[in-house]
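>>> Whatever this is, show me its structure:
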Amino acid sequence: MIQPANRLDTVQEYYFSRKLKEVAKMNAAGQNVISLAIGSPDMPPSEQTVSKLCEVARDPSAHGYQPTMGTPELRRAMASFYRKWYGVELNADSEIQPLIGSKEGILHVTLAFVNPGEQVLVPNPGYPTYTSLSRILGAEVVNYNLREDNGWQPDFRELEGLDLSRVRLMWTNYPNMPTGGDARRETYERLVEFARRHNIVVVNDNPYSFILNPKPMSLLQIPGAKDCCIEFNSMSKSFNMPGWRVGLCASNARFISWILKIKSNIDSGMFRGIQLAAAEAYNTNTAEWHREYNIETYQRRRNVAEQIMRALGCTYDPAQVGMFLWGKIPAGYADAEELTERVLHEARVFITPGFIFGSNGRRHIRISLCAKDELIGEALERIKSVFKQS
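As a prediction, the model looks like this:
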């Protein structure tokens, strides 16, 4: 009898994959569920970006294979983006690798740096893919705690107390998802020092630095970071391009060459139209467009999300940044899923229980701001109508 590979025993079906099937059944039954669960921007990219894609797609010569390392136009645009917004100088030819989204980068970096049986440090709470892909690839996951009383920053005293002899990678994510904890220069400085002393590569996943965040930062701003750290960035959130699957990996030339060695054996370059349109977005995205989409629109929605949190009796940190709102549930619930299931089946609103991000999220929920203003407003009214009766 044919059996699947043993690695399937190390992971479960992704929570959203499973839960969206249930939501689809509810919608088919006419329940009209409003989703405030997933961070997929509902707004379009800039007009210049879409126009460039169409222009290139009409070119008969543009449909062949593209270089795995990315087109020169895209790599130069990515380097210019880092110079303009973070003050970080990157060699476009050797220190940047375009990615088919950050998930691909997690795969390739793990393959390039971690042998089966070696360890990776993963934040708790944190993005589930850091854990699942590590396990699929045979790495051992060692969780490190992020706590509310520490601003969701790493506890370096706790980290120093671990046996780090088999640790090869440390995953970080600031501004943090799901907690909204912002990047801090002190944290970045300590991460670089930690990486250098313990010969560990720190990988910072940085797709949220422009969403409701007045001070975008990069780990690579820290002197010496490029020697021992890698940073991912993405067009999914800041440029409203989640389905385009365009991200980047930045580090020193040697690390990038190792990642490219893996990537070149797994996939090819993105469609030329997507690469040149992405370069157009980096080069021509105006401050006005950014303000309208990433500040004004998300701020309106954030105000409503805060009202939802209060209606549910949850508490939250008003200083958090990004495209989600993270809140702590009332003491009367056993865990977050008890609350989110009630919200789903009584108010017909889908929000995310924090346990999917790790045990430190067990008493938290996450609300996405990626829903039209009228929908998030309707979600508030539904929740108020149910929970005022409690």
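>>> count of neighbours near residue 145?
When neighbours are counted by other C-beta atoms under 10 Å, residue 145 registers 16. Yep, even glycine has a C-beta here, placed from its N, CA and C like the rest.
>>> gap between it and residue 185?
Distance of residue 145 to residue 185, computed by C-beta to C-beta, to the nearest Å: 21 Å.
>>> just residue 346 next, same as before
Going from residue 346 to residue 185 by C-beta to C-beta gives 44 Å.
>>> Those two: which has the busier surroundings?
More crowded of residue 346 and residue 185, by other C-beta under 10 Å: residue 346, with 15 against 12.
>>> helix, strand or coil for that one?
helix (DSSP: H, G, I helix; E, B strand; the rest coil).
>>> Isn't it up against residue 386?
Yes - between residue 346 and residue 386 there is a contact at 4.8 Å, judged by C-beta atoms under 8 Å.
>>> Could you check how many residues crowd around residue 196?
As a burial measure, residue 196 scores 15 neighbours (other C-beta under 10 Å).
>>> any idea which helix or strand carries it?
Following DSSP states H and E, one finds residue 196 within helix 185-198.
>>> Compute the mean per-residue pLDDT across the helix or strand following that helix, please.
Counting by DSSP H and E, the next helix or strand C-terminal to helix 185-198 is strand 201-205. Average pLDDT, strand 201-205: 98.
>>> Could you please name the strands strand 201-205 pairs with and the direction of each pair?
strand 167-172 (parallel), strand 229-234 (parallel) (DSSP bridges).
>>> Residue 77 is nearest to which of those?
strand 229-234 (12.1 Å; C-beta to C-beta).
>>> Let me know the next secondary structure element after that closest one.
helix 235-238.
>>> For this structure, give me the ranges with low pLDDT.
Applying pLDDT under 70 to the chain flags the ranges 285-289, 291, 389-390.
>>> so how far is residue 355 from the most centrally placed residue in it?
What sits nearest the mean C-alpha location of the chain, by C-alpha atoms, centre = their mean, is residue 207, with 5.6 Å. As for residue 207, its distance to residue 355 is 22 Å (criterion: C-beta to C-beta).
>>> same deal with residue 113?
For residue 113, the distance to residue 355 - C-beta to C-beta - is 29 Å.
>>> what does residue 345 give?
Distance, residue 345 to residue 355, using C-beta to C-beta: 18 Å.
>>> Distance from the helix holding residue 196 to the middle of the chain?
Relative to its chain's centre, helix 185-198 lies at 21 Å (C-alpha atoms, centre = their mean, to the nearest Å).
>>> Show me the contact partners of that helix.
With C-beta atoms under 8 Å, 6 or more residues apart in numbering as the test, helix 185-198 has contacts from 153-154, 156, 159, 164, 167, 170, 172, 174, 200-202, 204, 217, 219, 221-225, 227-229.
>>> could you flag which of those are buried?
Buried members of the contacts of helix 185-198, scored by 16 or more other C-beta atoms under 10 Å, are 153-154, 159, 164, 167, 170, 172, 174, 200-202, 204, 217, 219, 221-222, 225, 228-229.
>>> one step back: SS state for the residue nearest to the centre of the chain?
Taking three-state DSSP as the rule, one finds residue 207 in the coil state.
>>> Test my guess that it contacts residue 233.
Yes - contact criterion C-beta under 8 Å: residue 207 and residue 233 qualify, at 6.3 Å.
>>> where do the contact lists of those two overlap?
residue 247.
>>> Let me have the strands paired with strand 201-205 in TSV, adding distance to residue 137 as columns.
TSV is the format used below for these (distance: least, C-beta to C-beta, whole Å):
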stretch	distance to residue 137
strand 167-172	11
strand 229-234	16
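>>> Among the ones you listed, which comes closest to residue 96?
Once the strands paired with strand 201-205 are compared by C-beta to C-beta, strand 229-234 is nearest, at 9.8 Å.
>>> just the angle between that closest one and helix 185-198, please?
130 degrees (axes from the mean of the first three to the mean of the last three C-alpha atoms, to 10 degrees).
>>> What is the distance between strand 229-234 and the centre of its chain?
In terms of C-alpha atoms, centre = their mean, the centre of strand 229-234 is set 11 Å apart from its chain centre.
>>> Which positions within it qualify as buried?
Per 16+ other C-beta under 10 Å, strand 229-234 contains these buried residues: 229, 230, 231, 232, 233, 234.
>>> The nearest residue to residue 90 once chain neighbours are set aside: neighbour count?
Setting aside the residues directly before and after it, residue 90 is nearest to residue 79 in space (C-beta to C-beta, 6 or more residues apart in numbering), at 4.6 Å. By other C-beta under 10 Å, 21 other residues sit near residue 79.
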